[in-house]
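In: Could you work out the structure for the sequence below:
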Amino acid sequence: MTGGAAWDVVVVGAGVAGLVAARDLVRAGRRVVLVDGRDTPGGAVRGHDVAGLRLDAGAESFATRGGAVAALLAELGLADDVVTPEPLGAWVHLTSGNGPLPRTGLLGVPAHPLAADVRRTLGTPGALRAALDLVLPARVGARATTFGALVRARMGDAVADRLVHPVVGGVHAADPDDLATDTVAPGLAAARAGAGGSLARGVRALRASAPAGSAVQGLRGGIHRLVDALVADVTGHGGVVLTRTRATSLVRDGVFVVRTEPAGAASGAVPPTTAAGELRAPRVLLATPQAPALLAGLGATDLTSVATDDGVPVTLVTLVLDAPVLDAAPRGTGVLVGPGVTDVTAKALTHATAKWGWLGRTAPTGRHVVRLSFGRAPASGAGGADGVPPADALLDVALADAATLLGVPLPADALAGHAVVRWTQSLPRPSAAHRAAVASVRAAVAELPGVAVCGAWAAGTGLASVVPDARAAAATLLDATPDVPDAPDTPVQN
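Out: Numbering: from 1, shown residues only. You can find the predicted model right below:
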């Protein structure tokens, strides 16, 4: 029943991946509808209001590698608002005390093992062991199957536990001993090979080849502005964004049929914009972790047993504090928490008003924004996750943890406002099992003309991975998309 197709493409998932792909599709003249079960588009790149400040509710920066995100921001007219973090450095909180993270490094691996900041955190013995990497033969670490094992072989346990573990846990919500090197640090293996096997020299080579400036950047006003710009561009070119609309199944009846149902609105929310029933199109793009389950309905390849990683649920607690004592940024832009620490529950803290100059200038004098992340990855080989206090204790724990991590007193009456956001499926751990599952899904999709997949669940964590993968997915659907009858008059909604 190709004559029943009202759209050229149905996109399931209106996170950044779905929006980026949809933007390319609508700008190429395709009729596109997006469906998403959440109440607003954007996924983990969304904003919220806390104590009169518009802040990022999820991601607050992007990696500059590859240049794909910067190019997209330029296309959206946001290039002039790209900003770099303040050059204050970050710290790590360890059982042995606090210390700075290497200012020149990669995922905690120091480019200069004997630098003063490295010696302060590792101690002289740990720094000297790390420096052995510069003289060890290339064969050392050559058989390491994980990033953690490689670091331990080349630089020792102190670097792995005190520097790499906190950073990888913060970025990927995973243990470096569970992750392949080429997954978390693309290009490092080749750079190390070109540097005679040295891990430090390989990191130096990667940093030297990267664009000038910070390894991460943000947007003046918050990275959530990217979502606002994408939604405006998609709907401005005729696309339709249906929120609180859950895709329940995908079948083929001449064209692809996405069956949907209203996902329901939260109490006090505006009435949902939903589509119940069927959306028909000759092309479908699955920008959702539910892709394997939806694809199983097509029957081309058995994906019922394929399980991608759900990631560790992360709870973010934003505190807006009237605390002039923080004007000095006592821990720079933030603190990561090392393994085995028992005096705090949080795994990381970002001092947002210290990290982002625009926010520090926006906030009233003496007012500061700090954000704590709860939800630790399990130890290597273990299942489950922990580290999230009960809801009735979460705010008190967050305030106490912030005082400990920042090294200053923060009384309860300093709190001007707060927000709690819980993210699920936003940080899939790139383990070998997850990568194998993604490969199975991509192999199945390759045999289904008119189907594409994208999203952090498939491409990896971070906008630098998600954006180019989404644009590549859109490009596959732009190749020979057939004509379908005109769509009915449908209002643009978001």
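
In: Isn't Pro430 up against Pro186?
Out: No: look at Pro430 against Pro186 with C-beta atoms under 8 Å: they stay out of range, at 10.9 Å. Quick note: C-beta positions are derived from backbone N, CA and C, even for glycine.

In: between these two, who's got more neighbours?
Out: More crowded of Pro430 and Pro186, by other C-beta atoms under 10 Å: Pro430, with 23 against 15.

In: where does the more buried one fall, phi/psi-wise?
Out: phi -80, psi 60 (degrees, to the nearest 10).

In: So it versus Ala391, what's the distance?
Out: 30 Å (C-beta to C-beta, to the nearest Å).

In: Kindly report the same for Pro85.
Out: Distance, Pro85 to Ala391, using C-beta to C-beta: 31 Å.

In: How about Ala215?
Out: On the measure of C-beta to C-beta, Ala215 and Ala391 end up 35 Å apart.

In: More neighbours: the two, which one.
Out: Ala215 (17 against 10).

In: and that one, what pLDDT?
Out: Ala215 carries a pLDDT score of 81 in this model.

In: domain ranges for the protein?
Out: What automatic domain parsing lists as the domains of the chain is 2-45+223-309+429-478, 101-209, 312-423.

In: Out of those, which gets nearest to His93?
Out: When those are compared by C-beta to C-beta, domain 312-423 sits nearest His93, at 4.9 Å.

In: first vs last residue of that closest one, how far apart are they?
Out: With C-alpha to C-alpha, to the nearest Å as the measure, domain 312-423 spans 9 Å from end to end.

In: Give me the three-state assignment for Val251.
Out: Per DSSP: H, G, I helix; E, B strand; the rest coil, the secondary structure class of Val251 is strand.

In: ok, and for the host helix or strand of Val397, which residues are buried?
Out: Element membership of Val397 [criterion: DSSP states H and E] is helix 394-406. Of all the residues in helix 394-406, those buried under the rule 16 or more other C-beta atoms under 10 Å are Leu394, Leu395, Val397, Ala398, Leu399, Ala400, Asp401, Ala402, Ala403, Thr404, Leu405, Leu406.

In: Columns pLDDT and distance to His237 on top of those residues, output as CSV?
Out: Shown next, in CSV, are the buried residues of helix 394-406 (pLDDT from 0 to 100; distance: C-beta to C-beta, whole Å):
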residue, pLDDT, distance to His237
Leu394, 94, 42
Leu395, 95, 43
Val397, 96, 46
Ala398, 97, 42
Leu399, 97, 46
Ala400, 97, 49
Asp401, 97, 45
Ala402, 98, 44
Ala403, 97, 49
Thr404, 97, 50
Leu405, 97, 45
Leu406, 97, 46
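
In: Out of these, the closest to Ala437 would be?
Out: Leu394 (32.2 Å).

In: List of residues touching stretch 42-58?
Out: Residues from elsewhere that reach stretch 42-58 (C-beta atoms under 8 Å, 6 or more residues apart in numbering): 13-17, 19, 40, 59, 221-228, 231, 316, 318, 320, 352, 359, 362-363, 367, 369, 416-419, 421, 423, 426, 456, 463.

In: same thing with stretch 83-92?
Out: 61, 98-101, 103, 117, 121, 162-163, 166, 213-214, 216-220, 329, 331-338, 354-358, 360.

In: at 6 Å instead, please
Out: With contact meaning C-beta atoms under 6 Å, 6 or more residues apart in numbering, stretch 83-92 is reached by 98-101, 103, 166, 213-214, 217-218, 220, 329, 331-336, 338, 355, 357.

In: Show me which of the residues you listed are buried.
Out: For these, a neighbour count by 16+ other C-beta under 10 Å gives the buried set as 98-101, 103, 166, 214, 217-218, 220, 329, 331-336, 338, 355.

In: Narrow those to those in strands?
Out: Among those, DSSP state E puts Asn98, Gly99, Pro100, Gln217, Gly218, Gly334, Val335, Leu336 in strands.

In: Kindly reformat these as a markdown table containing distance to Gly156.
Out: Shown next, in a markdown table, are those (distance: C-beta to C-beta, whole Å):
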| residue | distance to Gly156 |
| --- | --- |
| Asn98 | 20 |
| Gly99 | 16 |
| Pro100 | 19 |
| Gln217 | 32 |
| Gly218 | 34 |
| Gly334 | 25 |
| Val335 | 23 |
| Leu336 | 19 |
